[in-house]
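S.K.: dropping a prediction and its sequence here:
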Amino acid sequence: MRACFDCHSNQTTWAWQSNIAPLSWGIQRDVDQGRRQLNFSECNRPHEGSDNAAEVVAKGEMPPARYSIVHPEAQLSAREEQVLMAAMTTMGGQERGRSAEARGGDGRGRNRGP
């Protein structure tokens, strides 16, 4: 919630910058795009970006550097990244689960076996 919900949910906390144009235009665009890709408030619907969201986090591309500079609390610990990637893999649905199984996982971000 701390790191993702401002752009990836319907529970955005709008910072003071979001009230000043032209900053507000970019912030609104980023939030709209973030919600379209993955919206934790609407987990019951398919998201066009949920299938690669775990990889984006793994590559360190989320949260974006421009966001992290203003919101250092959005940085994730290694453990938080693991938990988030497992959850996003699950949200990706059956296609995501099948590709995880092909790599030896169980589709829930966990490996089979001991």
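M.R.: Done, it's in. Please read all numbers here as calculations on a predicted model, not as lab measurements.
S.K.: near the closest residue in space to Asp30 that isn't next to it in sequence, how many other residues are there?
M.R.: Excluding its sequence neighbours, the residue lying closest to Asp30 (Cβ to Cβ, 6 or more residues apart in numbering) is Cys7, at 6.0 Å. All C-beta atoms are positioned from the backbone trio N, CA, C, and that covers glycine. Residues lying near Cys7 (other Cβ atoms under 10 Å) number 22.
S.K.: name all residues that make contact with Cys7.
M.R.: With contact taken as Cβ atoms under 8 Å, 6 or more residues apart in numbering, Cys7 is in contact with 30-31, 34-35, 63, 67.
S.K.: switch the cut-off to 7 Å
M.R.: Contacts for Cys7 (Cβ atoms under 7 Å, 6 or more residues apart in numbering) come out as 30-31, 34.
S.K.: neighbour count added to those residues, as JSON lines?
M.R.: Converted to JSON lines, the contacts of Cys7 look like this (neighbours: other Cβ atoms under 10 Å):
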{"residue": "Asp30", "neighbour count": "15"}
{"residue": "Val31", "neighbour count": "17"}
{"residue": "Gly34", "neighbour count": "22"}
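S.K.: how about the host helix or strand of Arg36: buried residues?
M.R.: Applying DSSP states H and E as the criterion places Arg36 in helix 23-37. Buried positions in helix 23-37, judged by neighbour count with 16 or more other Cβ atoms under 10 Å: 27, 31, 34-35, 37.
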